[in-house]
Structure formats: C-alpha cells, structure tokens
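> take a look and give me a structure for this.
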Amino acid sequence: MERRVVITGLGAITPLGNNVEEFWKGIKEGKCGIDQITKFDASEFKVKLAAEVKGYNPEDYFDRREAKRLDLFSQYAMVASREAWKDSGLDKETENMERVGVVVGSGIGGIQTIETENRKCNEKGPDRVSPMYIPMGILNMATGNVAIDIGAKGESMAMVTACASGTHCIGESFRMIKHGYQDVVLAGGTEAGITPLSIAGFTNIKALTKAEDKNRASIPFDKERSGFVMAEGAGVVVLEEYEHAKARGAKIYAEIVGYGATSDAYHITSPAPGGEGGARAMKLAMEEANVKPEEITYINAHGTSTHLNDSCETQAIKTALGEENARKVMVSSTKGHTGHLLGAAGAVEAIICSKAIEEGFVPATINYKVPDEECDLDVVPNEGRKAEIKYAISNSLGFGGHNSSLLFKMSD
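Here you go, the predicted model:
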C-alpha cells in the first residue's frame with residue numbers, strides 16, 4: 001500500500017539567514033543576499049560577486065577539533081539538519097532510528113578541502129597531505145556526518161545530479177517513505193563552493209555573470225540576464241509518513257504528492273530544445289499526484305538567470321501545463337534573493353514552497369526590470385503576493401541533463 005508523505009521539519013543556512021526564520025523573512029521582504037566575494041581575494045577574477053553565508057562561526061556549532069575535521073559543506077548540512085530535526089519534534093530516544101534515513105546531496109562536495117590539500121601536495125610534498133583529506137572531501141560525507149550526528153541508522157546516501165541534487169534527494173526520499181522502506185528521512189542538499197577554483201571554472205564555462213551591481217546580477221527571466229551568481233549554504237527537510245506524523249501530533253507544513261525525474265540525453269551543460277526534459281519531469285509529478293495542470297497555483301522555477309535556462313524553462317512550463325494554464329500560474333525564481341546554491345538549490349527552494357503554502361505567500365522574482373518576450377509568463381515581478389496555494393511545483397535542472405520536479409500540496 002502506498003503511503004502519504006508530509007514535511008514536518010525545516011532547517012536552513014543561507015545567504016539570507018542562518019536559520020529558517022531569518023531566511024524566510026528575507027524571502028518575504030525581497031532581500032538580496034548577493035555581495036562582494038570575501039572568501040578569497042577575487043581582485044584578479046572576472047567575477048566579483050557571490051551569495052555567501054554571513055556571520056557564520058563554526059565554533060558556535062562545533063568544538064574546535066570537530067570543526068577542523070569537517071569540510072564546510074558537511075558543517076552546513078549538519079547545522080541545517082539539527083534545525084530540521086529539532087523543528088520536527090522527533091525524539092531519538094523514542095523513535096525507531098533504524099527507520100530514519102538521511103539523503104543529503106551536493107554538487108561539488110568538499111571542494112575547499114580538495115583545493116587546500118592539492119596546494120599542499122604540490123608545494124610541500126605528498127607527506128604533508130592531511131589524513132583527513134579523503135573523509136573531508138568525499139561527497140557522501142555530508143550524509144554520513146548528519147547520520148552520525150542525529151543517530152539515524154536507516155538508508156543513508158547522497159544523490160549527485162549537479163544543480164538538481166537537492167530536489168532528487170527529496171524526491172527519492174519521498175519514494176522511500178511512500179513505498180514503506182523508511183518512516184522518516186532527513187533530505188536535502190548542501191554546498192560550500194565559493195572557492196577560487198570553482199569560481200574560475202564556472203566563469204570559464206561562461207555560466208557566471210560578470211555583473212558588478214548586486215541588484216542586476218542574478219536577474220531571472222530579465223532580458224538583460226547574463227549568468228548565475230554562485231551561492232553557498234544548505235537546506236534540509238524532515239519527511240515523514242503521514243500516519244506516523246499524525247499519531248504524534250506533529251506540525252505539518254505541506255504534503256509531497258508527486259515527483260518527476262528525467263534525463264535530457266542531449267548535452268553536458270545546455271538544456272534540451274524547448275526544455276522538453278523539464279516538461280516531462282513536471283508532467284510525471286502531476287501524473288503521480290493525479291493533479292491537473294489547471295490546479296497548479298505556483299511554480300518555484302529553477303530560474304538561474306542564464307539565457308538558455310530561463311527561456312527553455314518557460315517553454316517547458318508551457319508544454320507541461322498547456323499555454324492557457326501556463327499564463328495563469330504564478331512562476332517566480334528566488335535565485336535573485338539567494339543566488340544559485342548548486343546542489344543545495346532545490347532543497348532551500350523546497351523549504352520556500354513549504355513556507356509559501358503554509359503562509360499563503362508567493363515570493364517575488366526580485367530585481368526584475370526588462371521583460372523578455374521569450375520569458376512571457378507571470379514571473380511575480382519584484383513584489384510577493386498573498387495567495388492561497390493548493391499545489392506548488394519546484395523545478396531543478398542540472399548539468400548533465402538531469403531534471404527533477406517536486407509537487408507540494410497544502411496539508412489537509
């Protein structure tokens with residue numbers, strides 16, 4: 001028997017705030033978390049802006065020795081997971097922790113550690129490479145560290161699908177619970193990739209904007225968009241089987257009722273023409289949920305502020321919902337607020353959808369000025385709106401042609 005899956009806990013550390021309350025307040029107020037790069041000296045770089053986590057001190061969360069053994073991407077995952085677990089009200093003393101899983105992905109994992117230790121190896125020789133290099137750098141260790149920290153002994157893994165990682169992690173966790181393999185899963189994504197090598201690599205593949213005005217840098221659907229802004233942070237949600245949550249009187253933010261995942265099989269970085277893979281992902285999510293296109297109120301778009309993504313995603317939405325329904329639905333990208341958190345993007349955007357449903361508020365696409373005839377949907381420009389959201393879709397599209405869509409429902 002298929003089981004219902006609900007969201008009962010939220011945790012986030014983002015460029016807009018280091019917990020869900022601060023983060024969501026920034027989204028509602030239309031704040032922009034983008035600014036000058038401070039993580040390293042970017043004076044010789046063509047890209048000067050990023051969306052960094054602000055005011056973060058590892059020793060507020062970990063003792064000094066522990067912090068030194070954790071790459072920043074693992075730290076962020078653990079901080080967000082602790083908040084989500086606490087928010088859920090679950091108690092590991094009474095919970096069957098063998099039925100609690102962890103699925104937290106990342107696009108590029110412990111890149112800070114990799115860069116640091118590579119430099120040591122080249123400059124000082126192989127014997128100077130830290131013995132912690134491997135357990136700090138490998139991508140599954142965000143999940144591993146969260147499982148150890150929380151005491152979760154169920155299924156534990158990391159989905160890696162570039163910028164679709166967070167959404168795939170939540171979607172696959174949804175299936176684990178729906179089909180009876182787990183009762184609870186901490187799911188999401190984490191990223192700490194604002195490093196010289198990452199910025200250089202994404203710059204040279206022409207993915208990042210070189211804009212120097214933070215309010216005209218990440219501008220999804222705007223005709224003057226010129227690339228995305230790198231961001232960091234983590235988002236984690238607690239997914240729980242509905243009856244399990246109901247029995248303990250848990251607060252339910254939203255229900256996940258559909259998930260679609262497809263591959264373009266087209267190109268390593270460009271979306272398929274017309275966004276056909278993304279359209280199929282949205283259709284699959286709606287089919288699983290038995291929801292009609294006209295029932296969708298809001299779409300949190302992948303909306304990266306690159307020319308190809310935003311125009312192809314617009315076409316994908318029209319294909320998936322039909323032209324008439326696509327023009328009625330509210331479609332915003334919150335990457336103007338947060339920048340692009342790569343593997344964590346879908347996770348923080350799942351939190352946005354959950355809060356949007358809970359509070360009846362549709363976030364804006366901020367810093368929008370110049371309409372683009374290729375992106376001619378209702379992008380909720382500059383001002384968020386009060387609206388009852390019965391069904392919301394969140395899209396994530398990753399390099400390699402990975403497409404994923406989650407369909408959220410207002411809890412009854």
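> which helix or which strand is home to Ile393?
Here Ile393 sits within strand 391-398, counting by DSSP states H and E.
> so what strands line up beside that strand?
Applying DSSP bridges to the sheet, strand 391-398 is found paired with strand 298-300 (parallel), strand 402-409 (antiparallel).
> export these as a markdown table, with columns for mean neighbour count and distance to Met230.
Where you see a C-beta, it was placed from the backbone N, CA and C, and this is true even at glycine. As requested, the strands paired with strand 391-398 are exported to a markdown table (neighbours: other Cβ atoms under 10 Å; distance: least, Cβ to Cβ, whole Å):
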| stretch | mean neighbour count | distance to Met230 |
| --- | --- | --- |
| strand 298-300 | 27 | 20 |
| strand 402-409 | 28 | 19 |
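> which of the ones you listed sits closest to Glu93?
With Cβ to Cβ as the measure, strand 402-409 is the member of the strands paired with strand 391-398 nearest Glu93 (30.6 Å).
> got the CA coordinates for that closest one in CSV?
What follows is strand 402-409, C-alpha atoms only, in CSV (Å, rounded to 0.1, in the frame of the first residue of the first chain):
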residue,chain,number,x,y,z
HIS,A,402,19.2,16.0,-15.0
ASN,A,403,15.7,17.3,-14.5
SER,A,404,13.6,16.9,-11.3
SER,A,405,10.3,18.3,-10.2
LEU,A,406,8.5,18.1,-6.8
LEU,A,407,4.8,18.7,-6.4
PHE,A,408,3.7,20.0,-3.0
LYS,A,409,0.2,20.2,-1.6
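> measure how far that strand is from the centre of its chain, please.
Relative to the centre of its chain, strand 402-409 is centred 12 Å away, using Cα atoms, centre = their mean, to the nearest Å.
> please apply the same query to stretch 229-244.
Centre to centre, stretch against its chain (Cα atoms, centre = their mean), the figure for stretch 229-244 is 8 Å.
> repeat that for stretch 73-84.
With Cα atoms, centre = their mean, you get 13 Å for stretch 73-84.
> just the mean pLDDT for that stretch, thanks.
Computed over stretch 73-84, the mean pLDDT rounds to 98.
> quick one, strands of the chain?
5-13, 35-36, 49-50, 100-105, 156-157, 184-191, 233-241, 254-263, 298-300, 330-332, 361-362, 385-386, 391-398, 402-409 (DSSP state E).
> right, and those - which one's nearest Glu22?
strand 5-13 (8.6 Å).
> direction included, what does the closest one pair up with?
Here, using DSSP bridges, strand 5-13 pairs with strand 233-241 (antiparallel), strand 254-263 (antiparallel).
> what mean pLDDT does that strand get?
For strand 5-13, mean pLDDT is 98.
> can you check stretch 366-375 too?
98.
> residues of the longest helix seen in the chain that come out buried?
The helix spanning the most residues in the chain, taking DSSP state H as the definition, is helix 72-88. For helix 72-88, burial by neighbour count (16 or more other Cβ atoms under 10 Å) applies to 72-85, 87-88.
> how about the CA coordinates for that helix, as PDB?
Output in PDB follows, covering the C-alpha atoms of helix 72-88 (Å, rounded to 0.1, in the frame of the first residue of the first chain):
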ATOM      1  CA  LEU A  72      32.300  23.500   5.300                       C
ATOM      2  CA  PHE A  73      29.800  21.600   3.100                       C
ATOM      3  CA  SER A  74      29.400  19.000   5.900                       C
ATOM      4  CA  GLN A  75      29.200  21.700   8.600                       C
ATOM      5  CA  TYR A  76      26.300  23.400   6.700                       C
ATOM      6  CA  ALA A  77      24.500  20.100   6.200                       C
ATOM      7  CA  MET A  78      24.800  19.300   9.900                       C
ATOM      8  CA  VAL A  79      23.600  22.800  11.000                       C
ATOM      9  CA  ALA A  80      20.500  22.600   8.800                       C
ATOM     10  CA  SER A  81      19.800  19.000   9.800                       C
ATOM     11  CA  ARG A  82      19.900  19.800  13.500                       C
ATOM     12  CA  GLU A  83      17.500  22.700  13.000                       C
ATOM     13  CA  ALA A  84      15.100  20.500  10.900                       C
ATOM     14  CA  TRP A  85      15.200  17.600  13.400                       C
ATOM     15  CA  LYS A  86      14.500  20.000  16.300                       C
ATOM     16  CA  ASP A  87      11.700  21.600  14.400                       C
ATOM     17  CA  SER A  88      10.100  18.300  13.700                       C
END
